[in-house]
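Engineer: Dropping a prediction and its sequence here:
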Amino acid sequence: MIEDFLVHLTKDDVAPTLAAPDLFASPQSPPLPKADVEAFHTFVAKGLFLCKRARPDTQTVISALCTRVKEPTQDDWCKLLCCMRYLNATRGDELILSADDLRVMKWYVDVGFAIHPDFKSHTGGGVTMGNGFPISNSCKQRLNTRSSTDSKLVGADNMSQLLLWTDLFMAAQGHPIKENILYEDNKSTILLLSNSKQSSTKRTRAINIRYFFLTDQIQKGKLRVACCPTGQMIADFHSNPLQGSIFRKFKQQILGQAKVLPPIIEGDRSVLECQHSSPTGSRH
C-alpha cells in the first residue's frame with residue numbers, strides 16, 4: 001500500500017501519530033482535483049481493508065476519510081497523507097492476538113460526543129480476550145443526540161450486533177461464552193442500560209425504546225455491564241483522534257503489544273452497587 005501511494009515516501013518521511021486533533025473537522029479547503037479524486041477513493045478503500053484485517057490502530061482515521069470520498073478536499077488529502085506517513089513509520093507493527101480465556105469476552109465502547117461538523121457523535125469500540133483486539137469498530141452515529149449520556153447509549157446499541165453475533169459465533173465453534181462484559185465510562189449510561197426507564201430522567205426520556213435492547217440482554221444474563229475509568233477506556237482510541245502518550249498506550253494494547261489489564265475502579269466498587277442512588281453522569 002505504501003509502495004503504491006502516489007506521493008513517494010522516503011524512510012524519513014514519517015509521522016508520529018495518525019491524525020491531528022482536527023481529524024473530524026471540515027475546514028474550508030479547495031476541492032481535490034478530479035484527477036486525484038479516484039486515487040483518494042482507491043487508497044481509502046485499501047486503508048479500510050487494512051484496518052479490518054491487520055492494522056486496527058488505523059481505523060479511526062480511515063473511518064473519518066470514508067465519509068469524505070464523494071467530495072474530497074485538499075485538507076482530506078493531507079489527512080490521508082498523514083496516515084500514510086504514520087504507516088510508513090510503523091511498517092513493522094503487527095497485530096498480535098492471544099486469549100486468556102476463550103469463554104470471556106471484554107468489550108470496550110466509547111463515544112466522541114458531537115465531534116463531527118454536523119454535531120453528530122462518533123462511536124468507537126472493540127473486543128479483547130487477553131491480548132490485542134480481533135474485532136474493532138469506528139463509525140459516525142446516524143442521529144444527533146442531546147447529551148453525552150444519550151450518545152453513549154446509542155454507541156452501545158451500535159456495537160450490540162457485533163457483541164451478540166460474536167457470542168453466537170464462539171458458541172458455534174465449541175466455546176460457549178461464560179462471561180460477556182461491556183465496559184462503559186459513563187455512570188448514567190450504565191444505569192440506563194441496567195435499569196432502562198427506571199433510571200431515565202427528563203433529559204433521557206425521549207430516547208427511542210430500541211436503544212434499550214441491551215437492557216433486555218442484561219436481564220437475560222447474556223451480558224454484564226461494568227464501569228471502566230475514562231483513563232483506561234481503550235475504545236477512546238477509536239472515537240477520538242488521540243495524541244501523545246495516551247495514543248501510544250492504547251495503540252499498543254489494541255495491537256497486542258501490551259497486556260490489556262482489567263479496569264481498576266477506585267475502592268474496587270462497581271457503579272451497579274449504587275443503582276438505587278441518584279444517577280449522576282460523569283462528564284466526558
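Structural biologist: Received, thanks.
Engineer: Domains in the protein, by residue range?
Structural biologist: 1-93, 98-274 (automatic domain parsing).
Engineer: How far off centre is the shortest one?
Structural biologist: Mean C-alpha position of domain 1-93 versus that of the full chain (C-alpha atoms, centre = their mean, to the nearest Å) differs by 18 Å.
Engineer: quick check: mean pLDDT across that domain?
Structural biologist: In this model, domain 1-93 has a mean pLDDT of 90.
Engineer: Tabulate the domains of the chain (CSV), appending mean neighbour count.
Structural biologist: All C-beta spots, glycine's among them, are computed from the backbone N, C-alpha and C. Rendered in CSV, the data for those read as follows (neighbours: other C-beta atoms under 10 Å):
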stretch, mean neighbour count
domain 1-93, 16
domain 98-274, 18
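Engineer: tell me the strands in the protein, going along the chain?
Structural biologist: 98-99, 104-112, 122-128, 130-131, 135-140, 179-184, 224-227 (DSSP state E).
Engineer: Longest helix in the chain, please.
Structural biologist: With residue count as the measure and DSSP state H as the assignment, the chain has helix 148-172 as its longest helix.
Engineer: Quick one: list the elements packing against that one.
Structural biologist: Judged by 3 or more C-beta pairs under 8 Å, 6 or more residues apart in numbering; DSSP states H and E, the packing partners of helix 148-172 are strand 104-112, strand 122-128, strand 135-140, strand 179-184, helix 187-195, helix 213-219.
Engineer: switch to 6 Å and redo it
Structural biologist: Using 3 or more C-beta pairs under 6 Å, 6 or more residues apart in numbering; DSSP states H and E as the contact criterion, the elements in contact with helix 148-172 are strand 104-112, strand 122-128, helix 187-195, helix 213-219.
Engineer: Quick one: closest of those to A35.
Structural biologist: Closest approach to A35 among these is made by strand 122-128 (30.8 Å; C-beta to C-beta).
Engineer: Name the strands paired with that closest one and say parallel or antiparallel.
Structural biologist: Strand 122-128 has the following strand partners under DSSP bridges: strand 104-112 (antiparallel), strand 135-140 (antiparallel).
Engineer: Please list the residues outside stretch 174-183 that contact it.
Structural biologist: Here stretch 174-183 makes contact (C-beta atoms under 6 Å, 6 or more residues apart in numbering) with 102-108, 167, 170, 223-226, 228.
Engineer: Endpoint to endpoint, that stretch covers what distance?
Structural biologist: Start to finish, the residues bounding stretch 174-183 are 25 Å apart (C-alpha to C-alpha, to the nearest Å).
Engineer: What mean pLDDT does it get?
Structural biologist: The predicted confidence, averaged over stretch 174-183, sits at 94.
Engineer: what do you get for stretch 136-153?
Structural biologist: Mean per-residue pLDDT for stretch 136-153: 90.
Engineer: Only the C-alpha atoms, please, for that stretch, written as PDB.
Structural biologist: In PDB, the C-alpha atoms belonging to stretch 136-153 read as follows (Å, rounded to 0.1, in the frame of the first residue of the first chain):
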ATOM      1  CA  SER A 136     -13.000  -3.200  16.500                       C
ATOM      2  CA  ASN A 137     -15.300  -0.600  15.100                       C
ATOM      3  CA  SER A 138     -15.200   3.200  14.500                       C
ATOM      4  CA  CYS A 139     -18.300   4.800  12.900                       C
ATOM      5  CA  LYS A 140     -20.200   8.000  12.800                       C
ATOM      6  CA  GLN A 141     -23.600   7.900  14.500                       C
ATOM      7  CA  ARG A 142     -26.600   8.300  12.300                       C
ATOM      8  CA  LEU A 143     -28.600  10.700  14.600                       C
ATOM      9  CA  ASN A 144     -27.900  13.700  16.700                       C
ATOM     10  CA  THR A 145     -28.100  13.300  20.500                       C
ATOM     11  CA  ARG A 146     -28.700  15.900  23.200                       C
ATOM     12  CA  SER A 147     -26.100  14.700  25.700                       C
ATOM     13  CA  SER A 148     -23.000  12.600  26.100                       C
ATOM     14  CA  THR A 149     -25.200  10.100  28.000                       C
ATOM     15  CA  ASP A 150     -27.600   9.800  25.100                       C
ATOM     16  CA  SER A 151     -24.700   9.400  22.700                       C
ATOM     17  CA  LYS A 152     -23.100   6.700  24.700                       C
ATOM     18  CA  LEU A 153     -26.400   4.700  24.900                       C
END
